[in-house]
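Build me a structure from this.
(chains A and B)
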Number of protein chains: 2
Amino acid sequence: MTNASFSPAKLRGVYSPVLTPFNRDLSPSVPRFVKHCQWLLRRGVGLSIFGTNSEANSLSVAEKLGLLDALLAAGLAPERLMPRTGACAPTDTIELTRHAVAAGCAGVLMLPPFYYKGVSDEGLFRSFARVIDGVADARLRIYLYHIPPVSQVGISLKLIERLLEAFPGAIAGVKDSSGDWSNTQAMLREFQPAGFDVFAGSEAILLPTLRAGGAGCITATGNVNPGPIVELFKHWQDADADQRQQSLNATRAVFQKLPMIAAMKAAIAWQSDDSAWSVVRPPLVELDAGQCRQLQAGLRACAFAMPEATSLAK
Amino acid sequence: MTNASFSPAKLRGVYSPVLTPFNRDLSPSVPRFVKHCQWLLRRGVGLSIFGTNSEANSLSVAEKLGLLDALLAAGLAPERLMPRTGACAPTDTIELTRHAVAAGCAGVLMLPPFYYKGVSDEGLFRSFARVIDGVADARLRIYLYHIPPVSQVGISLKLIERLLEAFPGAIAGVKDSSGDWSNTQAMLREFQPAGFDVFAGSEAILLPTLRAGGAGCITATGNVNPGPIVELFKHWQDADADQRQQSLNATRAVFQKLPMIAAMKAAIAWQSDDSAWSVVRPPLVELDAGQCRQLQAGLRACAFAMPEATSLAK
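Numbering: from 1, shown residues only, chains lettered A, B, ... in the order given. Take a look at the predicted model:
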């Protein structure tokens, strides 16, 4: 292990799994990706690139390394980056994590290996231990990624407890995308007081998470509605906080009624007048014309806007 | 597309997702892998390397390419190889498939992208189409891999119909690991007559599959019980076929009562007197001492043996 005295600032705030724009030939669109990341940073959103909503499991390791390097080359601050690095293969997870840590990324979001189902906590513990040993860098800060509705392989409270005991420096927090508030509450109660940072998996529970001492949220809709989400984070103790939360929920509901990733990309394509933004990689499918109309009508009813979005394509 | 007149022999028989042996440091053990593949070939079992039971989703693309190349370098016949090449990322699937086809492998077994859940047949169709276009080689023969209990993303009869219509040359057959005999029957009835080869996902339904015109089976326990399974394939029309099937089922049941991959590796470690064979990659966990005793007692009761297995480690 190197640099054992490293002690970074704690991460707090609003992060977003950054959508990955593709060209018509399905290759990643690097310029659009860089511009979108810059746009999010200007709005106060941290960059959890390569998340579920980034279609990152449809990208090869080489493609992910290339996109991360493009952000660094464009001068984006690595301390605002929290790449998701967990893959099925420990060799892939180690490669991507090592690269992210060496680049100075503030933390990494780590999915457990998700192909084999019904695996034991012992096996998952060994998976994380293997990655920590393989990365062998004291700067490593892991945010565990609990998203059983998609991965089907979750991270139990007992596993967190064991990981924290074994690797108190490396295990930094969690993103809870279980959709189960009682689970988020349990994480907040059990681990947040010890400095293990709990991020809500969506802004729909940002206010209760902050009220319970949590660190913020990592949310897909941060891609399209960053301003109002960040405003709630800043003003959660104000009198109008509940009203802000309700307004966020209304906008989110419009996206959630549709295939979410395709809908967010369609919203950016619409707001930036750049139709290539609607491209998704299979197995996802872009919205059809009727779904686009439904999306736009729903968003108009919420007075939705993406300021400066037209600059995304330029 | 190249070599458009290519028309390979149809694949039939018993295939096995070859177990991937690891060293104590969890790197793949190339010599054990080559020896095990040679041992299987001598017993008449085709090599579906990189299957679910190969822990292939715990291997990087580079590790898989290296293992495939090691088999070719050792002189194994590529026409006995059916590597599984389907990954989450189409770029990974294309890279591995292209390499396998160029090496002369008889076919590839292709899992659909399995991270995103609830995806549409349209999205899965586009996934396979993308890979076929990307590989762009008329020698490509795809065996679809239907294993919803693990992948959670299945291959419907309607999707097969559409793929066969669009790519009659490339879509060659299926491995049905649904565990749902009525689904296997439907595939046999709908598509086998047109030359789309249906492989049972385990030897537990080998006899009914062959009686219904199917091509054989691709089965995990081919790794440890190859002889008797191949004998049933050869003698399925004999009077003692049902008795043979029952005997296979009894041996399989011993493995199925335990975590299957770890149990098969423990059986090889035991029979070959090479304890390194018991190593699995996380998130899997090797059998504990009690499970090993249970396994050995169960197998002894079936008069189980792996002839020449002691040569595996040498």
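
CA atoms for contacts and neighbours, from now on please.
OK.

who's in contact with A:V119?
Residues near A:V119 by CA atoms under 8 Å, 6 or more residues apart in numbering or on different chains: A:V153, B:P283, B:L284.

interface residues of chain A facing chain B?
Neighbours of chain B within chain A, by CA under 8 Å from any CA of the partner chain: A:57-60, A:88-92, A:113-117, A:119-120, A:122-127, A:150-151, A:282-285.

Would you quantify the distance from A:A170 to A:F33?
Noted for A:A170: a distance of 29 Å to A:F33, by CA to CA, to the nearest Å.

Look at the two and report which has more neighbours.
A:F33 (23 against 18; other CA atoms under 10 Å in any protein chain shown).

which SS class is the more buried one?
helix (DSSP: H, G, I helix; E, B strand; the rest coil).

ok so, going back, filter the residues of chain A next to chain B down to the buried ones.
Buried residues within the residues of chain A next to chain B, counting neighbours by 16 or more other CA atoms under 10 Å in any protein chain shown: A:57-60, A:88-92, A:113-117, A:119, A:123-127, A:150-151, A:282-285.

So which other helices or strands are in contact with the helix or strand hosting A:F233?
According to DSSP states H and E, A:F233 maps onto helix A:226-234. Applying 3 or more CA pairs under 8 Å, 6 or more residues apart in numbering or on different chains; DSSP states H and E, one finds that helix A:226-234 contacts strand A:13-16, helix A:206-211, helix A:241-256.

Now do that helix, average pLDDT.
Averaged over helix A:226-234, pLDDT sits at 98.

how about the CA coordinates for it, as PDB?
Extracted C-alpha coordinates of helix A:226-234, given in PDB (Å, rounded to 0.1, in the frame of the first residue of the first chain):
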ATOM      1  CA  PRO A 226     -29.500  19.000 -12.100                       C
ATOM      2  CA  GLY A 227     -30.200  22.600 -11.000                       C
ATOM      3  CA  PRO A 228     -33.300  21.900  -8.900                       C
ATOM      4  CA  ILE A 229     -31.800  18.800  -7.400                       C
ATOM      5  CA  VAL A 230     -28.700  20.700  -6.300                       C
ATOM      6  CA  GLU A 231     -30.900  23.500  -5.000                       C
ATOM      7  CA  LEU A 232     -32.700  21.100  -2.700                       C
ATOM      8  CA  PHE A 233     -29.300  19.800  -1.500                       C
ATOM      9  CA  LYS A 234     -28.200  23.300  -0.700                       C
END
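
Regarding A:K158, what is its secondary structure?
Under three-state DSSP, A:K158 falls in the helix class.

Next, the angle helix A:241-256 makes with the helix holding A:F233.
Relative orientation of helix A:226-234 and helix A:241-256, computed by axes from the mean of the first three to the mean of the last three CA atoms, to 10 degrees: 150 degrees.

Show me what helix A:226-234 is in contact with.
Helix A:226-234 is contacted from outside by A:13-14, A:40, A:43-45, A:203, A:206-207, A:210, A:216, A:222, A:241, A:244-245, A:248, using CA under 8 Å, 6+ apart.

give me that answer again for 6 Å
With contacts defined as CA atoms under 6 Å, 6 or more residues apart in numbering or on different chains, helix A:226-234 is touched by A:R43.

so who does the closest residue to chain B within the stretch 151-300 of chain A touch?
In the stretch 151-300 of chain A, the residue that lies nearest chain B is A:P283 (4.1 Å; CA to the nearest CA). Applying CA under 6 Å, 6+ apart, one finds that A:P283 lies in contact with B:G123, B:L124, B:S127.

Give me the three-state assignment for the residue lying closest to it once chain neighbours are set aside.
Leaving out its chain neighbours, the residue that sits closest to A:P283 by CA to CA, 6 or more residues apart in numbering or on different chains is B:G123, at 4.1 Å. Three-state call for B:G123 (three-state DSSP): helix.

Show me the shaky parts of chain A.
In the predicted model of chain A, residues A:1-9, A:313-314 satisfy pLDDT under 70.

Run through the helices of it in chain order.
Taking DSSP state H, the helices of chain A run over residues A:30-42, A:61-73, A:90-102, A:121-135, A:148-151, A:157-166, A:181-190, A:206-211, A:226-234, A:241-256, A:260-272, A:289-301.

Adding distance to B:E231, write those out as JSON lines.
Shown next, in JSON lines, are these (distance: least, CA to CA, whole Å):
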{"stretch": "helix A:30-42", "distance to B:E231": "56"}
{"stretch": "helix A:61-73", "distance to B:E231": "43"}
{"stretch": "helix A:90-102", "distance to B:E231": "38"}
{"stretch": "helix A:121-135", "distance to B:E231": "37"}
{"stretch": "helix A:148-151", "distance to B:E231": "40"}
{"stretch": "helix A:157-166", "distance to B:E231": "46"}
{"stretch": "helix A:181-190", "distance to B:E231": "52"}
{"stretch": "helix A:206-211", "distance to B:E231": "62"}
{"stretch": "helix A:226-234", "distance to B:E231": "64"}
{"stretch": "helix A:241-256", "distance to B:E231": "54"}
{"stretch": "helix A:260-272", "distance to B:E231": "51"}
{"stretch": "helix A:289-301", "distance to B:E231": "56"}
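
would you turn the helices and strands packed on helix A:226-234 into TSV with mean neighbour count?
Output for the helices and strands packed on helix A:226-234, formatted as TSV (neighbours: other CA atoms under 10 Å in any protein chain shown):
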stretch	mean neighbour count
strand A:13-16	28
helix A:206-211	20
helix A:241-256	17
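
Looking at these, which is nearest to B:H235?
Of all these, helix A:241-256 sits nearest to B:H235, with 55.7 Å by CA to CA.

Which secondary structure elements does that closest one sit against?
Helices and strands touching helix A:241-256, as assessed by 3 or more CA pairs under 6 Å, 6 or more residues apart in numbering or on different chains; DSSP states H and E, are absent.

CA-only coordinates of it in PDB, if you can.
Output of helix A:241-256 as PDB, limited to C-alpha atoms (Å, rounded to 0.1, in the frame of the first residue of the first chain):
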ATOM      1  CA  ALA A 241     -37.600  22.000   1.300                       C
ATOM      2  CA  ASP A 242     -40.700  19.700   1.200                       C
ATOM      3  CA  GLN A 243     -42.100  21.700  -1.600                       C
ATOM      4  CA  ARG A 244     -38.800  21.400  -3.500                       C
ATOM      5  CA  GLN A 245     -38.800  17.700  -3.000                       C
ATOM      6  CA  GLN A 246     -42.300  17.400  -4.400                       C
ATOM      7  CA  SER A 247     -41.400  19.300  -7.400                       C
ATOM      8  CA  LEU A 248     -38.400  17.100  -8.100                       C
ATOM      9  CA  ASN A 249     -40.600  14.000  -7.700                       C
ATOM     10  CA  ALA A 250     -43.100  15.400 -10.300                       C
ATOM     11  CA  THR A 251     -40.300  15.800 -12.900                       C
ATOM     12  CA  ARG A 252     -38.800  12.400 -12.000                       C
ATOM     13  CA  ALA A 253     -42.200  10.700 -12.500                       C
ATOM     14  CA  VAL A 254     -42.300  11.800 -16.100                       C
ATOM     15  CA  PHE A 255     -39.100  10.000 -16.800                       C
ATOM     16  CA  GLN A 256     -40.000   7.000 -14.800                       C
END
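
Lovely, talk soon.
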